[in-house]
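J.: Fold the following for me, if possible:
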Amino acid sequence: MAPSHAVVSAGILLFRVAGGGPEVLLVHPGGPFWAKRDDGAWSIPKGECEEGEELRQCALREFAEELGSAPAIAPETLIELGSVRQKGGKVVHAWAAEGDFDPATLRSNSFTMEWPPRSGTRREFPEVDRADWFDPAEGRQKVLAAQAAFLDRLLERLGLSSG
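T.: Okay, the predicted model is just below:
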C-alpha cells in the first residue's frame, strides 16, 4: 500500500523488442510548464496513488488513464523495477510490461489550472501531450533523470547491457 506521508506514484514502462533491439514507451507531460522542454522532461506513464491503493493496481490504472487506448496488461506479467525518489521528493514505483502502443492513438485524461497565472482564467490541459518509442540510449536522454534507473533495470532484467 502507498504510504500516506509521502507523495507516491506508480507507473508502467512499456517495452517492445524489435529487430534492432528493445524500445521503451515514454510520455511527455502536458500543460504550459512542460511545453518547451524535451530532454529530461519525459516520463514513464504514471500517476499519484490514492490513499490505501495497492501500488501495482495504481500503476495499471494510471497507465490506462494517461494513454487512453492502452493495451490490456495482465498484472501477473508485470516485471518489478523497484522505486526511485525524484528530485522533488516524489517516490515513483515502476513495473515493466511487454506490449505495443500506437502513439497516434494517445487519448490522455486532462487537468484544469489557472493559466496564465493570476489571470482568473481556468484552462484544461492533457496530462500527457504526446507519447513515443525510444531506444534505451535516447530514452535515457529524454526521461527525467531519476527515472533513467528504470530503463537500466529493465535492460538488466532482459539480460541486455545498459550501455
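J.: secondary structure class for the residue lying closest to Asp135 once chain neighbours are set aside?
T.: If the residues on either side of it in the chain are set aside, Asp135 comes closest to Glu23, at 5.8 Å by CB to CB, 6 or more residues apart in numbering. The way it works is simple: take the backbone N, C-alpha and C, and place the C-beta from them, glycine included. Assigned with DSSP: H, G, I helix; E, B strand; the rest coil, Glu23 falls in the strand class.
J.: before we move on, what about Arg107?
T.: Classification of Arg107 by three-state DSSP places it in coil.
J.: residues contacting it?
T.: 67-69 (CB atoms under 8 Å, 6 or more residues apart in numbering).
J.: Check what pLDDT Ala74 gets.
T.: Listed pLDDT for Ala74 reads 88.
J.: let me redo that: His5
T.: 65.
J.: for the chain, what spans make up the strands?
T.: Along the chain, the segments classed as strands by DSSP state E run 8-18, 21-29, 46-48, 79-85, 91-98, 110-114, 122-126, 128-134.
J.: Tell me the buried residues in the longest helix along the chain?
T.: If you go by DSSP state H, the chain has its longest helix at helix 55-67. Across helix 55-67, burial judged by 16 or more other CB atoms under 10 Å covers 55-56, 58-60, 62-67.
J.: Nearest to Gly40 among those residues?
T.: Glu66 (18.8 Å; CB to CB).
J.: what sits against the closest one?
T.: 27, 45-47, 108-109, 127-128.
J.: before we move on, what about Asp132?
T.: Asp132 makes contacts with 25-26, 28, 103, as judged by CB under 8 Å, 6+ apart.
J.: gap between it and Thr121?
T.: Computed with CB to CB, to the nearest Å, the distance linking Asp132 and Thr121 is 31 Å.
J.: What of Thr112?
T.: For Thr112, the distance to Thr121 equals 11 Å [CB to CB].
J.: and what of Ala72?
T.: Per CB to CB, Ala72 is found 38 Å from Thr121.
J.: ok, those two, which is more surrounded?
T.: A count of neighbours by other CB atoms under 10 Å puts Thr121 above the other of Ala72 and Thr121, at 10 against 7.
J.: Buried ones in stretch 93-104, by neighbour count?
T.: Going by neighbour count (16+ other CB under 10 Å), the buried part of stretch 93-104 is 93-97, 99, 101.
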